[in-house]
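Student: With the input below, show me the fold.
(chains A and B)
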Amino acid sequence: MDTLQFLADGFSVAFQWHNLLFAFIGVLIGTAVGVLPGIGPMSGVALLIPVTATMTSGLPTDAAAASSIILLAGVYYGAMYGGSTTSILLNTPGESSSVVTTLDGYQMAKQGRAGAALSIAAIGSFAAGIISLIGLVLLAEPLSNVALKFGPAEYFSLMLLGLAAVSGLAGKSMTKALMMTVFGLMLGTVGIDAVSGIARFTYDMPILYSGFEFLTIAVGLFALGEVFKTILERDGADGAIAKIHRILPTKQDMKDSSVPIVRSSLLGFFIGVLPGAGATLASFFSYITEKKFSKTPEKFGKGAIAGVAGPESANNAASGGAMIPLLTLGIPGSGTTAILMGALIMYNIQPGPLLFDEHPEVAWGLIASMFIGNLMLLALNMPLVRVFAKVIQTPKKYLLPIIVAISFFGVYAVQYTTFDLYLLLAFGIFGYLLTKNDFPVAPLVLALVLGPMIENNMRRALTISNGDFSIFVTKPLSLVFLVAAAAWLLIPLILKMRGKSVIVNEEE
Amino acid sequence: MSKTFDRYAGIIFLVIGLVFVMEARKISHSAYGSSVGPDIFPTGLGILLILLSARLIYETFKYKGEEGKKEPVQYKRFLVIFLSAVAYAFLLEKIGYVASTFLFLIVAFQAMERGSWLKTLIIAAVFSFGVYYFFSELLGGALPGFPGL
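Tutor: Numbering: from 1, shown residues only, chains lettered A, B, ... in the order given. Now for the predicted structure:
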């Protein structure tokens, strides 16, 4: 069967009524998550995993996995849409990927063009979503066919590359990022060793035999960490919200932004495919590029519509591009995709090259549902922009305790132990302290998900080679990956030594 | 960037790395048919963490003495909410989901901002009953709803 046939099958999965509903709930919640300043896409997705797990409990495994990943991915790209709303109306970005949108978006709002800015962001995101999906469809099959030829040595090196990429770009200090990565890998070794069946670091506590649940740690680090930060530091001093007069952009607006949308979508997509470089980086690059290409660069920062259209398209395209390494290679390139991967693994579905052969309805159903989800987002966002602007005003005093309660519910509903609740609280404090002091937590979660796979592949490779470590450098592909991983860590260091400033990717 | 925090964090992670390596040595080396046992990977990680922590401690001596501007920190509010969250975890299985969630939300709402009791009671009640009803009645999930059930 060819790609088109698979895609058609994917659409038949995505068009099942419950999957349409799931996609709708996903993008709706995602938009809200993007609008609310307290929670980002990462904690939003993490919090919804237990809810989707219960909602899909009656379905067969494959169908359940497809439905929940459709919902969770909807949250992910929905949040990219929503993040722009607060940037434009309040001058406070809902997500780090919308930081540059404030530059021109808020200026436009001050000039009474808030509606045009919001709708061009929605249109740009839609176009970007479609462009990145076409890229996904075209690249998925060939890439997974290449990946099928990988042995354990290649996989080990490829995963190291993934970790190196995320650590190299995360946060201000690479030492700290690497420490977090290694610590995440260490947490991943707790529990019964899958190869030998020996319990490690469990100290005869049965609760530790299955290891630390990644969901508990992710929700603790991201959702609770953020809530604790807001409780401790920010006070409910909300700025004034700009009024929305006219929603549709003018013809001139459309003309000014159509080229930036297409250009930034392509740029964002390819940045998204690279591991470690996520939506934040994509939106920054797009802003710089648009300013360079613009005939009127002096308008940037004073309400240029291209300065909204470009970055907003780029961050959405990047979130689509980030799906490629996840689905085809089984290697998440960012914190949020690591959480999506964790969700798939919970259903016993291993993302990677075999995904397209073994669970085509999950892979293609997801891709097809992203088409539909993007359409829903456009339909939702144009008329409902005013409603979402209201969501911003949800008082923090109710929002924060409810996020804590949802986290508790989520973790307990999946784990059924009080132990995980204490663990959740501990990781909440841990996450707050670490993030506050520039220790990035995304590499930790990524390492926790990848850790067991890295170890298994390393040991399988070493078993093949009779314990000879040179297998990792004698296999050509593996060597290429290792060299790339080293370059990813060393090049920023060298640039820094030469006194150049390096753009880093903030948490997304 | 806080120099003191980084230095303490470096020391703590260094100790974690050391303990990890020592404990990893106790794991059986046997590796049924493979030359690589379950102890190799953790040992390697422990050593890496020790090296990185040492590097971080070394870096803290090179920082310029820049202390970040202090934001007003609301310890009291945080402590009340955190402790009630611990109590929430403790009571969840004892008095059931609905009652413990209801109590936690009331305490936390009031800790965030005093007053408007009616709104507090309504939102807490709607959330705790709503989630329980939605989850265990509509979706058929299992939650310890009420004590004795």
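Student: who's in contact with A:Thr289?
Tutor: Listed by CB atoms under 8 Å, 6 or more residues apart in numbering or on different chains, the contact partners of A:Thr289 are A:Arg263, A:Ser264, A:Leu267, A:Gly310. Where C-beta positions appear, they are placed from N, C-alpha and C, glycine not excepted.
Student: Quick check: what element follows the helix or strand it falls within along the chain?
Tutor: Assigned by DSSP states H and E, A:Thr289 belongs to helix A:279-293. Where DSSP H and E defines the elements, the next helix or strand beyond helix A:279-293 is helix A:306-321.
Student: That following helix - contacts with which helices or strands?
Tutor: On a contact count with 3 or more CB pairs under 8 Å, 6 or more residues apart in numbering or on different chains; DSSP states H and E, helix A:306-321 meets helix A:61-90, helix A:101-110, helix A:114-147, helix A:251-273, helix A:279-293.
Student: tilt between whichever helix or strand comes after the longest one and helix A:114-147?
Tutor: This means helix A:114-147. Downstream of helix A:114-147, the next assigned helix or strand under DSSP H and E is helix A:152-169. Counting by axes from the mean of the first three to the mean of the last three CA atoms, to 10 degrees, helix A:152-169 lies at 150 degrees to helix A:114-147.
Student: from the chain's centre, how far out does helix A:152-169 sit?
Tutor: Here the centre of mass of C-alpha atoms in helix A:152-169, compared against the chain's by CA atoms, centre = their mean, to the nearest Å, lies 18 Å away.
Student: which strands and helices sit next to that helix?
Tutor: Helices and strands touching helix A:152-169, by 3+ CB pairs under 8 Å, 6+ apart, are helix A:174-189, helix A:442-464, helix A:471-474, helix A:476-497.
Student: residues from the stretch 251-400 of chain A in reach of chain B?
Tutor: A:Lys396, A:Lys397, A:Tyr398, A:Leu400 (CB under 8 Å from any CB of the partner chain).
Student: Closest to A:Gly211 out of these?
Tutor: A:Leu400 (30.0 Å; CB to CB).
Student: helix, strand or coil for the closest one?
Tutor: Three-state assignment for A:Leu400 (DSSP: H, G, I helix; E, B strand; the rest coil): helix.
Student: show me the contacts for it.
Tutor: By CB under 8 Å, 6+ apart, the neighbours of A:Leu400 are A:Gly38, A:Val227, A:Thr230, A:Ile231, B:Ile81, B:Ala108, B:Met112.
Student: same question, B:Val36
Tutor: A:Met458, A:Arg459, A:Leu462, A:Thr463, A:Gly467.
Student: Please produce a markdown table containing those, extended by pLDDT.
Tutor: Output for the contacts of B:Val36, formatted as a markdown table (pLDDT from 0 to 100):
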| residue | pLDDT |
| --- | --- |
| A:Met458 | 90 |
| A:Arg459 | 88 |
| A:Leu462 | 88 |
| A:Thr463 | 85 |
| A:Gly467 | 79 |
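Student: which of those are buried?
Tutor: Among the contacts of B:Val36, those scoring as buried are A:Met458, A:Arg459, A:Leu462, A:Thr463 (criterion: 16 or more other CB atoms under 10 Å in any protein chain shown).
Student: Starting from chain B, give me the distance back to the closest residue in space to A:Thr31 that isn't next to it in sequence.
Tutor: Of all residues not flanking A:Thr31 in the chain, A:Gly82 sits nearest, at 3.9 Å (CB to CB, 6 or more residues apart in numbering or on different chains). Noted for A:Gly82: a distance of 22 Å to chain B, by CB to the nearest CB, to the nearest Å.
Student: What of A:Leu281?
Tutor: 22 Å.
Student: Pull up the gap between that residue and A:Ile271, please.
Tutor: 6 Å (CB to CB, to the nearest Å).
Student: would you say A:Thr92 is within a strand?
Tutor: No: applying three-state DSSP, one finds A:Thr92 to be coil, outside a strand.
Student: Just the pLDDT for it.
Tutor: A:Thr92 carries a pLDDT value of 72.
Student: Could you pick out the longest helix of chain B?
Tutor: Among the segments of chain B that qualify as a helix by DSSP state H, the longest is helix B:3-26.
Student: how about low-confidence regions in the chain?
Tutor: You didn't say which chain, so I picked chain A. Applying pLDDT under 70 to chain A flags residues A:1, A:37-38, A:94, A:170-171, A:234-247, A:276-277, A:499-508.
Student: that's the wrong chain, I wanted chain B
Tutor: Along chain B, the parts satisfying pLDDT under 70 run over B:1, B:29-35, B:63-72, B:140-141, B:145, B:147-149.
Student: tell me the phi and psi of A:Gly191?
Tutor: Note on A:Gly191: its backbone torsions stand at phi 120, psi -170 [degrees, to the nearest 10].
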